[in-house]
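*Asks:* Structure here, sequence nowhere to be found:
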């Protein structure tokens with residue numbers, strides 16, 4: 001059985017096509033990879049925790065955990081103190097399983113925001129919320145558009161417990 005030069009060229013072309021398809025598939029997986037980040041706001045008028053997709057592909061949340069030591073809850077709102085009648089949450093999630101976040105988009109896990117910062121009741125409640133958040137660790141387990149599990153994203157929320165200045169900020173013109 002003899003192989004001609006044409007047979008060798010055809011077989012080489014087939015191998016090259018298979019290898020190119022493999023490289024393209026690997027590139028597609030990498031180029032559509034989501035990257036989860038847990039970010040937060042901690043301002044006088046707004047306290048918020050968000051999950052941001054900083055990658056290039058959509059991410060679907062498998063589960064979210066908020067831990068305080070060995071106690072685990074699947075959202076942040078269950079860790080929060082009861083709110084006064086005059087103050088409401090702007091938004092929060094009770095269940096995150098199955099939520100899909102597109103690239104450069106976010107899911108706001110918990111947002112407390114007011115227009116009037118001088119409200120004493122709000123200030124007291126905001127500080128209770130900060131204290132509740134400061135002992136937690138947030139964890140997001142998610143997958144990509146192909147259904148592959150991505151590395152979990154974990155971040156401590158101890159930033160909310162830092163020492164804050166006791167004086168008001170002065171604005172100079």
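*Replies:* On my side now, so go ahead. Model, not experiment: these values are computed from the prediction.
*Asks:* C-alpha only now, for contacts and for neighbours.
*Replies:* OK.
*Asks:* For residue 130, which three-state class applies?
*Replies:* When classified by DSSP: H, G, I helix; E, B strand; the rest coil, residue 130 comes out as helix.
*Asks:* Can you give me every residue that contacts it?
*Replies:* Listed by CA atoms under 8 Å, 6 or more residues apart in numbering, the contact partners of residue 130 are 47, 160-161.
*Asks:* do the same with residue 54
*Replies:* Here residue 54 is in contact with 34-37, 103-105 (CA under 8 Å, 6+ apart).
*Asks:* Next, work out how far apart it and residue 63 are.
*Replies:* Going from residue 54 to residue 63 by CA to CA, to the nearest Å gives 18 Å.
*Asks:* Quick one: low-confidence residue ranges for the chain.
*Replies:* 1-2, 29-30, 164-173 (pLDDT under 70).
*Asks:* Nearest residue to the middle of it?
*Replies:* With distances taken as CA atoms, centre = their mean, residue 51 lies nearest the centre of the chain, 2.3 Å away.
*Asks:* so it makes contact with residue 109?
*Replies:* Yes. Proximity of residue 51 to residue 109 meets the contact threshold set by CA atoms under 8 Å, at 7.1 Å.
*Asks:* Please flag which of the contacts of residue 54 sit within helices.
*Replies:* Counting by DSSP state H, no part of these is found in helices.
*Asks:* What subset of those is buried?
*Replies:* 34-37, 103 (16 or more other CA atoms under 10 Å).
*Asks:* Check what contacts the longest strand seen in the chain and list those residues.
*Replies:* The longest strand of the chain (DSSP state E) is strand 59-68. Contact with strand 59-68 is made by 34-36, 53, 72-76, 96-103, 135-145, as judged by CA under 8 Å, 6+ apart.
*Asks:* mind giving me the domain ranges of the protein?
*Replies:* The record's domain parsing of the chain by automatic domain parsing lists 1-31, 34-161.
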